[in-house]
Structures are given as structure tokens and as C-alpha cells.
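Novice: I would like the atomic coordinates for the input below:
(chains A and B)
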2 protein chains.
Amino acid sequence: MSLTVVGSVALDTVETPSGKNIEGLGGAAVYFSMAASLFTRVHLVGVVGDDFPERHVKLLEGKNIDLEGLERTPGRTFRWSGRYHDDINERDTLDTQLNVFEQFHPKVPETARAAEYLFLANIHPALQLEVLDQTKPVFAGLDTMNLWINTTLDELKAVLRRVDVLIINDSEARLLTETLNLRIAAEHIKALGPGVVVIKKGEHGCILFGQEASQMFALPAYPLESVADPTGAGDTFAGGFMGYLAAQESTDFESLKNAVVHGSALASFTCEDFGPDRLCNVDTAQLEERVAAFKALTSF
Amino acid sequence: MSLTVVGSVALDTVETPSGKNIEGLGGAAVYFSMAASLFTRVHLVGVVGDDFPERHVKLLEGKNIDLEGLERTPGRTFRWSGRYHDDINERDTLDTQLNVFEQFHPKVPETARAAEYLFLANIHPALQLEVLDQTKPVFAGLDTMNLWINTTLDELKAVLRRVDVLIINDSEARLLTETLNLRIAAEHIKALGPGVVVIKKGEHGCILFGQEASQMFALPAYPLESVADPTGAGDTFAGGFMGYLAAQESTDFESLKNAVVHGSALASFTCEDFGPDRLCNVDTAQLEERVAAFKALTSF
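Specialist: Numbers count the residues shown, from 1 in each chain, chains lettered A, B, ... in the order given. Predicted structure coming up:
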């Protein structure tokens, strides 16, 4: 089945202990689409300015990604800039320029509306509601961030009531539920709407909570020898997760577990180089090899 | 095969968000022995003062624990006091009174010397060397802490050259190797002596690095609904790990992996109540049930 994602397309300037990447291709919808396109057709809904390099468009079009929903608007593309610490799990945002994103209202094209799977990447909950009003997904996923939890909680809760899975960082889960224990936090989140919750813990992996209270699955992150740039790893995870499910046409717990594994495997590739440089070259054989490595890493 | 442990026996005063435990039974060698005694005979070498409650001696003797090596010395037993934060992964040490531990020199009795498996819990590396000089273990394990890494590094390195496995916290591994990446840190540690390294990450589980560079095993911690008191969880892990290996009479990678699982399962019990209150009531059936829960939690 096909999959639609709505989210940011960006030009990222990133500094890590491994080097610097100036105005590279970035944005949640980009990482998500590249990862998901290994499994199924992805419809990308977003906006770029007239300065968005044509080579990035070509790169995305060369994948299984439909750009009909990618608006080109006069003005500058959304820009984000950040610097990672020596401890690569810590970063500071140096600059955020919304630019054309400021006036953005998602318009979901016909083919994208027909997709059975939908992912609302991290944008303003009001925009996420606009997308839900234009679509009728069988299975909808959601990402959000501390900014929306702190400033637009009511709208975020309206979105949560209408989605099937929330994919969220541990710190955001704790903030949203005002509880420290992640297992309790997941129960609180389920009470807000989504039947399935995935809590991401960065270098420590993630925990999946299924519909039943007894359904838990924990997966470590792949221990890489070096992490060049973790930007986009979370969005890559979400793309692999949703793409896998869409291809399986199933969201039972076994499928959800395997979706977590495939999402984590793809996220580990993203960390190996700057921006989506490694991710965009991953093929199915390499992905399955990394999934097998996860199996060896975790089975006893 | 039997197992000897040398380490602290203590009276701990602990405050956590769940309550307070005043002068309860504690100490690394206690948690270690209780966990390991589920698998094999354990010889405990340590020291207590003449104030050490007889009921604690009775409790330990009621397990598969030999106390011939537990010295009783005039004076007060070693005391530790700490307070955990609302985030139970953080704690402050409020007080440490070495007392009879200050003049302690381990004397390993005959039967304890004959044990094929040895664990040097976290004490001064000079004392760990004294133990190694009295024993000829087939397989020796080691714990240490930031204090010894910072103040007695040369003696610690002399110990490392003579042990087979180091079980260490992530922050201590980073301090010891002056590197942030845990996979690289494990390689650095192996170069110092131990062929096997286990890096513990608290609520995030642990990673086992085997003799071969390709041998890695990562296990999440069990997601408990509530953690009453994590004191002793690391020592419990070590006891379960070493006890399992001693019982298997094997230290191949499959055995090491299963040792990690059994150690983690026992550590999860320790966290469920204050001090060793839950651990001391765990039976083999409950342990195997928790191991099965780990399997369900991690398999895909």
C-alpha cells in the first residue's frame, strides 16, 4: 500500500566532531521518504523555496518518491543549523529560519490522499489537523516535539485522538505525560488516542508498546564504531517503520516489531555519514544485512 | 564449579522516591552472592564489624553461600548512605564510612581459593591484587569505579592484566579509556587485558563484547513499571553473570550471552524493592519466567 508523509524539506547546516555540512539536503520529510521508499511508493507533501537546488529534486525523484505534493513557493527554503557536542547525543540548535514554511498550508494532492498509510512528521499540530481533514488513512503515524507540547497542547491532543501510532523521543514522552517511567508514560499516551507508541532513546535504541499492555518490544541501537552525523536518524526510523508496515499491509504486533527493526537499521545507516548521504545509497541487500546484524546483536 | 567473590558487606541507608531504608543489608559482595547462589556455591570474602546483625548472617547462610571468608572484626561495619533523585537513574552519595573496611586485607580461605571462578567486586585495586596473589582462578571477573580510575590507575591496570572479564558502567568505561564511543572503549579495555567486556548502561541495559571483534550482544534493561531502589543492581548483575558461567562450566560466547540475560533478569528483581529484599526471595522458577520475559521483549 502507498504512504503519504507531510513534513519539512530543509537545507541543513550541521557541525559535528567529524566535520561540517553546509546547506545540505535535510528535513524530516526527506529522511522519512528516502527510508520509506525502499519499501513502497511515498507521496511527499511539503514546501520549498525557489532557491531549492534542482539536484535535490532529481535525487528524490530518482527514488520511489512522488513529489506532486512538494510545493515550490517564491522565497527561501526552510533552513536549520545545529552543532553537535563531542558527546554526539547532545546538540545545540544555532539557527532556525522558517522562510517559506511560515505561510505553509499543506495541500494534499489526489494520489497522496488515496494513500492508506499517512505520517505526520514534526510540524505545527494545526497543520497536522489540516492534513487529517484532507485524508482518510487506514493507519496514521505522528511525530511531534517539545515546542508543540509546551505551546499548543490542546491542538496536539486533538491530533493524538486521530492517529494510530505516536513515535516520540523519551524526553518528549516524559514532558507530554509528566511522568518519568517510560512504561507508564506509554500508557498515558495510549489514553490520549494512539493504540501504539514507540519511544525513541537515541543511542540507547527504542521501546515499542503494542495495543495490549503485555506487548512490549525493546531494541538497542546498532553500536556503530563512529557516528558522523545523527541528524535525521529519528525521521529515518519513522520512514523505515511506516514504509515497512505499508509494504506488509499489516499492523499486527509481529509486523510492528519488524517495522521497528527495519526503521532502526535504516537509522543506523543515516548516522554513518552527513545528512542523507549514506541513506540515499542504501539498497535492499544492505538493509537486510543490517537487519541480520541486529538479529545477531540481540538474539540469545 | 564454585565461585569466590571478594567485596564489601555493608549497612546501607538509602532514600528513593519510594521511601527510605535505614541501615539495611547491603554491599557489593552481598548482592553478588545472593544472585550467584541461585546457580552455584559461592564463597564470600569480606569483613564486618561486631555490630553486624546476626539476622543478616543467618539470611546469607540460608542461601548457598559459604561465609568462612567473612571476617568479624571489632568495630563498626562499613556504611554507605545515598539519596536517589526523582529520576531514579541519578543519585547522590551522602556519606561513606569505611570503618572496619579501612584496615581490611582479604584472607582467602582454602575452599574459597580452590574456586575456579573468581570475582573481584569494587574495592581498592591493591586489595584486588592481594586476592589474585592468593588464588589461581580459571576465569576471573572485575568491577571497579571512577575513584580508582582517577587515583590508582597503575594498580588498576595491573589488575586488568590478570582478569578475563571487566564489568563496568558506561561512564567509567569512557573515563578509563578517554573515549566516548562504547565500541571503541571496549576495544581499548581489551587491549589492557580482559578478553571480555560488559558495559552496563543502567536503565538502558548493557552491551557484551566477546573475544572476537564481531562478537557483540546488546540487551535492554527490563522495562519495570516502577523502580523502588536500584542499589545493588549492578552487583546483582555481576553475580548472576558469574554464577551462570560457573554453573555452565563454559565461557564461550553463547554462554556469555545467556549469562548477561540471567544477570539482567536478577538485576531487574533487585530494583523492585529496597536493598536485597526482593532478590533474596527469587527462586529459580521466577528467574526463568523473567528470562522468558526478556526473550519475548527482545525477539523478532
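Novice: quick one, phi/psi of the residue positioned nearest the centre of chain A?
Specialist: By Cα atoms, centre = their mean, chain A has its centre lying nearest to A:Asp235, at 2.4 Å. Dihedral pair for A:Asp235: phi -70, psi -40, per degrees, to the nearest 10.
Novice: helix or strand for the nearest residue to it once chain neighbours are set aside, which one?
Specialist: Excluding the flanking residues, the one nearest A:Asp235 by Cβ to Cβ, 6 or more residues apart in numbering or on different chains is A:Tyr31, at 3.7 Å. Where C-beta positions appear, they are placed from N, C-alpha and C, glycine not excepted. For A:Tyr31, the host element (DSSP states H and E) is helix A:28-36.
Novice: if we can go back for a sec, just checking, the residue nearest to the centre of chain A touches A:Ala36?
Specialist: No. Checked against Cβ atoms under 8 Å, the pair A:Asp235 and A:Ala36 is beyond contact range at 10.1 Å.
Novice: the residue lying closest to A:Pro53 once chain neighbours are set aside: neighbouring residues, count only.
Specialist: Of all residues beyond its chain neighbours, the one nearest A:Pro53 is A:Leu25 (7.9 Å), with distances taken as Cβ to Cβ, 6+ apart. A count of nearby residues for A:Leu25, using other Cβ atoms under 10 Å in any protein chain shown, gives 25.
Novice: go ahead and confirm A:Leu25 touches A:Ser8.
Specialist: No. Look at A:Leu25 against A:Ser8 with Cβ under 8 Å: they stay out of range, at 11.6 Å.
Novice: and the nearest residue to A:Phe101 once chain neighbours are set aside, how far from chain B?
Specialist: Counting by Cβ to Cβ, 6+ apart, A:Phe101 lies nearest to A:Phe78, which is 4.3 Å off, once chain neighbours are set aside. Applying Cβ to the nearest Cβ, to the nearest Å, the value for A:Phe78 to chain B is 31 Å.
Novice: checking the closest residue to chain B within the stretch 51-200 of chain A next. Helix, strand or coil?
Specialist: The stretch 51-200 of chain A approaches chain B most closely through A:Arg183 (4.7 Å), counting by Cβ to the nearest Cβ. What DSSP: H, G, I helix; E, B strand; the rest coil gives for A:Arg183 is helix.
Novice: same question for A:Thr144.
Specialist: Applying three-state DSSP: A:Thr144 is coil.
Novice: repeat for A:Asp87
Specialist: Three-state call for A:Asp87 (three-state DSSP): coil.
Novice: count the residues that sit near the nearest residue to it once chain neighbours are set aside.
Specialist: Closest residue in space to A:Asp87, ignoring its immediate chain neighbours: B:Leu180 at 5.7 Å, by Cβ to Cβ, 6+ apart. B:Leu180 is flanked by 17 other residues according to other Cβ under 10 Å.
Novice: B:Leu180 contacts A:Tyr84, correct?
Specialist: No. B:Leu180 is beyond contact range of A:Tyr84, at 11.5 Å (criterion: Cβ under 8 Å).
Novice: which residues are common contacts for these two?
Specialist: Common contacts of B:Leu180 and A:Tyr84, defined by Cβ atoms under 8 Å, 6 or more residues apart in numbering or on different chains, are absent altogether.
Novice: return the residues in contact with A:Gln97.
Specialist: So A:Gln97 contacts A:76, A:78-80 (Cβ under 8 Å, 6+ apart).
Novice: for the stretch 1-150 of chain A, what lies in contact range of chain B?
Specialist: Proximity of the stretch 1-150 of chain A to chain B, by Cβ under 8 Å from any Cβ of the partner chain, involves residues A:86-88.
Novice: most neighbours, which of the residues you listed?
Specialist: Counting neighbours by other Cβ under 10 Å, A:Ile88 leads the residues of the stretch 1-150 of chain A next to chain B with 21 neighbours.
Novice: for that residue, which non-adjacent residue is spatially closest?
Specialist: A:Val227 (4.9 Å).
Novice: re earlier: so what's the residue count around the residue nearest to A:Phe101?
Specialist: Using other Cβ under 10 Å, the number of residues around A:Phe78 comes to 25.
Novice: in this structure it contacts A:Leu98, no?
Specialist: Yes. Using Cβ under 8 Å, A:Phe78 is in contact with A:Leu98, at 6.1 Å.
Novice: okay, helices next: where are they in the stretch 201-300 of chain A?
Specialist: Along the stretch 201-300 of chain A, counting by DSSP state H, counting those that start in this stretch, helices occupy A:233-248, A:253-271, A:284-298.
Novice: highest mean neighbour count out of these?
Specialist: Across the helices of the stretch 201-300 of chain A, averaging neighbours per residue (mean count of other Cβ atoms under 10 Å in any protein chain shown) puts helix A:233-248 on top, at a mean of 28.
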